[in-house]
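Colleague: return atomic coordinates for the entry below.
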Amino acid sequence: MNSDASLITALVERWRPETSTFHIPFGEITITLEDVVTLSGLAIDGDAVVVDIPDEEWSTIFLRLLGRVPADLSGGVGVVRNVWLRDEFSHLPGNASQEVIEQFARAYALSLIGGVLFPDRSGATVHLQYLLLIEDWQRAGRFAWGAAVLSYMYCEMGRSTLHITHSGTSPGGDLDGWVALL
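Modeller: Take a look at the predicted model:
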């Protein structure tokens, strides 16, 4: 999604982390859970979105959950490139088994979670921690994804506000999170 860096900068400059509100000329406004539900349809009730640190290597997790491992996957980095996900999982074979269908679905969900709901500044990578959240579809469906997205956005707005205050620079390209909420 293309975003207006000037608009985002103006909003971040008006963000007050202590109240989680934007201070604008006619009062205070904020992004609410209702806004998240309306824009995304994501659940706001349910289990907290919490990632456990894996005991196994990322390559083992990738092989188990996606059926393949990126050539440039490094155990210590903890990210995968969006381009790899797109290239490897763009065409589901016509005779795919249930296991392969689930692997493609996980790759798609990983791309959405890491690329839309919880994106990093680069926009080119997805944190591998999200793969663990979609290992079990039943469990993944019980998460309060909408609440997590809003919480993540609030944290990122606060971080960007601190960045402006301490560095004197604007956050136009320095805001993680689902900026469509703004």
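Colleague: going by C-alpha atoms from here, please, whenever you check contacts or count neighbours.
Modeller: Noted.
Colleague: which non-adjacent residue is nearest the most centrally placed residue in the chain?
Modeller: Taking Cα atoms, centre = their mean, the centroid of the chain lies closest to Phe118, which sits 1.4 Å from it. Nearest-residue entry for Phe118: Gly177, 5.1 Å, with adjacent residues in sequence omitted and distances by Cα to Cα, 6 or more residues apart in numbering.
Colleague: next one: that neighbour from Ile113, what distance?
Modeller: 11 Å (Cα to Cα, to the nearest Å).
Colleague: and what of Ala107?
Modeller: Separation of Ala107 from Ile113 (Cα to Cα): 10 Å.
Colleague: tell me which of those two has more neighbours.
Modeller: Taking other Cα atoms under 10 Å, Ala107 and Ile113 do not tie; Ala107 has more neighbours (24 against 21).
Colleague: so where's this protein shaky on pLDDT?
Modeller: Applying pLDDT under 70 to the chain flags residues 1-3, 73-77, 162-174.
Colleague: so where do the strands sit in it?
Modeller: Using DSSP state E, the strands of the chain run over residues 15-16, 21-24, 27-29, 79-81, 125-127.
Colleague: how about JSON lines for those, with distance to Gly67 and mean neighbour count added?
Modeller: As requested, the strands of the chain are exported to JSON lines (distance: least, Cα to Cα, whole Å; neighbours: other Cα atoms under 10 Å):
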{"stretch": "strand 15-16", "distance to Gly67": "43", "mean neighbour count": "20"}
{"stretch": "strand 21-24", "distance to Gly67": "44", "mean neighbour count": "17"}
{"stretch": "strand 27-29", "distance to Gly67": "46", "mean neighbour count": "11"}
{"stretch": "strand 79-81", "distance to Gly67": "14", "mean neighbour count": "19"}
{"stretch": "strand 125-127", "distance to Gly67": "17", "mean neighbour count": "21"}
